[in-house]
Each structure stands twice: as C-alpha cells, then as structure tokens.
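Peer 1: Here's my sequence, what's the structure:
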Amino acid sequence: MRDAIVIIPTYNEIENIEAIIRAIFSQEKAFDILVVDDNSPDLTGLKVKELQGEFKDRLFILSRQEKTGLGSAYIAGFKWCLEKHFEYIFEMDADFSHDPNDLIRLYNTCALEGADMSIGSRYINNNINVVNWDMKRLLLSYFASKYVRFITRMRIHDTTAGFVCYKRKVLETIDLNNIKFVGYAFQIEMKFKAYLQKFKIIEVPVIFTDRTKGKSKMSGGIISEAIFGVINMKLKSLINKK
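Peer 2: Numbers count the residues shown, from 1 in each chain. Take a look at the predicted model:
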C-alpha cells in the first residue's frame, strides 16, 4: 500500500483539477489523491469521478453538500485519510500555486530527515518566493506571517502556508474536532497546535506561483479571522498552560 496521500480541497476548480491530478500522478514517488469537493457548481466533482475510472484505487473523492470553509474541508479529509492508515498526509491547492514537483521534497523532509511536519515555505531565510502577486497582497501575506510569528512565538517563517506534509501521529495527536478556524486562520491554528505539542517542524523553501486559471477564494472576512483570531488563540493557550 502507498504511504502518502495528497488532499486537494476544491470549489469550482474545473479548469485546474485534471491537470493537477495528472501532475501529481506523474511524480517519481507514488502519491494517492483525495479530492474534497464542496458541491462545485462547475462540476469539478464530476470530472474527478470520471478520472477515477483511469486512476483506480489511487484517486478518491469526498463529496460534501455545501461550501463550509477550507478548514472544515481539510478536517474531513484528515479524518478520512487517518481511517485509511496513510502515514504521510499532505495539504495542497488545486491551482498550481503549489508545485507538484515539491511534493517529494516535503515527503523526504519527513520520511528521511525526521520532521513530523514539513512546510512549503515562501518566506524562509528572509527571501520572498512568490510569483504573480500584486504588491498589496504580497505585503499583506508577508506581514501577516510576521505578525503571527510575533504573537505566537512560533519559530516558523511562513505561518499561513497551505502546502504541508504531516506525519499521521501529528494529526492523531491534535484534537481535530476542536479546531476553531475554518478559513485562512486554519493554517495558522494547525501549525500552532503542532508547535504546542513540540513536534519537529521543518520549513522547505518553495516558489509559490499565483493561479492563472480559476478564481481566488480569498476574502476580507477570511483575513480578519486570521488577524484577530490569532490573539485569542494565543491567550487561550496561555490560560490552558496555567
């Protein structure tokens, strides 16, 4: 049985989904894929089901009835993957902002270098590896990560990264039912929970390229959740520690 699976949450990704699936399956290492589709009106889920005929026992889909946020999609995916006994579980976007060729680097960081969690980092070593973002969005993301690092004291440069490999023991230890954030802040909360559990987290430098097809799901409300939720998250951790 293959030991690694890539979770791809989708909502209206018909322009990208087949290409990203084929790119992942073309890697030298064998990865399975779980698409978590939130009833995409553009029939992304139907396209995945068509491709399942070609990629039997490697491509899976978890179809949900409505769009309830990135975090809840990943939580559902994590639980599914844990039940199937995968050892390495990935988060990855459908839009090629995360390069499928970097999957093996994240995998090796956990499987060979001893990390419990590896992060595809855009901002490590004071470098900014982002392509095709306007300056406003780039600065917002960069300083959001700086802000989160300052508040939480995590020694992670890209705290909002969404390209991640977890060893299963990390997801088994974190109480997935108690994850509060569903949007942008979900990525921060998962890293913070892993950090509090003293798991070994290693950042791997990657180049993030903004989507060229489909529409971004970013919104003001999602960003606000991240900015204001982080302080509350940190305060709760201090109270629980006492």
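Peer 1: CA only for contacts and neighbour counts going forward, please
Peer 2: OK.
Peer 1: what about the helices in this structure?
Peer 2: According to DSSP state H, the chain carries its helices in the segments 17-25, 44-52, 70-83, 103-111, 135-152, 168-173, 185-196, 220-241.
Peer 1: so which of these comes closest to Tyr123?
Peer 2: Ranking the helices of the chain by proximity to Tyr123 (CA to CA) places helix 135-152 first, at 7.3 Å.
Peer 1: List the buried residues of the closest one.
Peer 2: Buried residues in helix 135-152, counting neighbours by 16 or more other CA atoms under 10 Å, are found at Ser141, Tyr142, Ala144, Ser145, Lys146, Val148, Arg149, Thr152.
Peer 1: Tell me where this structure is predicted with low confidence.
Peer 2: 1, 211-227, 241-242 (pLDDT under 70).
Peer 1: ok so, going back, okay, the buried residues of helix 135-152 in TSV with distance to Leu103 next?
Peer 2: What follows is those, written out as TSV (distance: CA to CA, whole Å):
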residue	distance to Leu103
Ser141	22
Tyr142	23
Ala144	25
Ser145	22
Lys146	25
Val148	25
Arg149	25
Thr152	27
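Peer 1: Quickly name whichever of the residues you listed is closest to Val36.
Peer 2: Ser141 (25.0 Å).
Peer 1: Tell me who's in contact with that closest one.
Peer 2: Thr160 (CA atoms under 8 Å, 6 or more residues apart in numbering).
Peer 1: So that it lines up with my notes, have the first residue be 371 from now on.
Peer 2: I'll keep to 371 as the first residue from here, and by that count the last item is Ser511.
Peer 1: From Thr522, how far out is it?
Peer 2: Taking CA to CA, to the nearest Å as the measure, Ser511 falls 16 Å from Thr522.
Peer 1: Dump the C-alpha coordinates for stretch 473-487 into CSV.
Peer 2: In CSV, the C-alpha atoms belonging to stretch 473-487 read as follows (Å, rounded to 0.1, in the frame of the first residue of the first chain):
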residue,chain,number,x,y,z
LEU,A,473,5.9,17.0,-3.0
ILE,A,474,8.8,14.7,-2.9
ARG,A,475,10.9,17.3,-1.1
LEU,A,476,8.3,17.7,1.6
TYR,A,477,7.9,14.0,1.8
ASN,A,478,11.7,13.4,2.2
THR,A,479,11.9,16.0,4.9
CYS,A,480,9.5,13.9,7.0
ALA,A,481,10.4,10.4,5.8
LEU,A,482,14.2,10.8,5.7
GLU,A,483,15.1,13.9,7.7
GLY,A,484,13.0,13.2,10.8
ALA,A,485,10.5,16.1,10.6
ASP,A,486,7.0,15.4,12.0
MET,A,487,5.6,18.2,9.8
